[in-house]
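In: A structural model of the following input is requested.
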Amino acid sequence: MQIPLQITFRNLNRSPAIEAKIRERVDKLERFFGEVTSCRVAVELLHKHHAQGNHYHVRVDVTVPGEELVASREPGEHHAYADVYVAIRDAFDTMGRLLEDYARRMRRQVKAHEVPPHGRVAELHRADDYGLIETADGHMVYFHRNSVVEGDFDDLAIGSEVRFVEEQGERGPQASTVHIIGKHHIVG
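Out: Numbers count the residues shown, from 1 in each chain. Predicted coordinates for the structure are as follows:
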């Protein structure tokens, strides 16, 4: 961490045991995700309830490159926060999940559905059973009559819009499957 850990106690005396538990949990976060810039933890004893005991609020603020993540545990959310260690555990577990999500986003592992390539039929050679598709970036992709699925090669015309799966063939890029895009198909 670039900035030292800050632990704040509100409405209760500083406790070496609680501090030690917090430091242990912060060390686990840093081992899990090494790019933590700073961490602030606030432990607050809320209104003393004579019948129900003390209730604790724990807030963990972690700064990572480009973002601040916040996890907190309110006693109103769960009756078990009469135990400060349970509140600390749950707040840090939540922060662990937030860091996992952040790390996935940074590694671009958030699933994105890729739109299959599409283009327009630029050439048709019906006698030889093949054609060429021009892609949006202007390169040409070969396809054979047998590559057309869910449609008929004979239904194609110059300018027909298609989506396809491209692979490298013996003589350059070729489409292994070609789907005709009709007026009811949506291309993302």
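In: Give me the three-state assignment for the residue of the chain most remote from its centre.
Out: The C-alpha centroid of the chain is most remote from Ala127, which lies 49.0 Å away (Cα atoms, centre = their mean). Here Ala127 is helix, with the state taken from DSSP: H, G, I helix; E, B strand; the rest coil.
In: What distance do you get for it to Asp93?
Out: Counting by Cβ to Cβ, to the nearest Å, the gap between Ala127 and Asp93 amounts to 68 Å. All C-beta spots, glycine's among them, are computed from the backbone N, C-alpha and C.
In: Repeat that for Leu124.
Out: 61 Å.
In: for this structure, where's the lowest mean pLDDT among helices and strands?
Out: strand 67-73 (a mean of 85; mean pLDDT, DSSP states H and E).
In: can you map out the strands along this protein?
Out: 6-10, 38-45, 56-64, 67-73, 118-125, 130-135, 140-144, 148-149, 161-169, 172-180 (DSSP state E).
In: Grab the CA positions of the first one and hand them over as PDB.
Out: Extracted C-alpha coordinates of strand 6-10, given in PDB (Å, rounded to 0.1, in the frame of the first residue of the first chain):
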ATOM      1  CA  GLN A   6      -5.900   4.100   8.700                       C
ATOM      2  CA  ILE A   7      -8.100   2.600  11.400                       C
ATOM      3  CA  THR A   8     -10.700   4.800  13.200                       C
ATOM      4  CA  PHE A   9     -12.700   4.000  16.200                       C
ATOM      5  CA  ARG A  10     -15.900   6.000  16.900                       C
END
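In: May I see the buried residues of it?
Out: Ile7 (16 or more other Cβ atoms under 10 Å).
In: same deal with the last one?
Out: The neighbour-count criterion (16+ other Cβ under 10 Å) identifies Pro173, Gln174, Ala175, Thr177, Val178, His179, Ile180 as the buried residues of strand 172-180.
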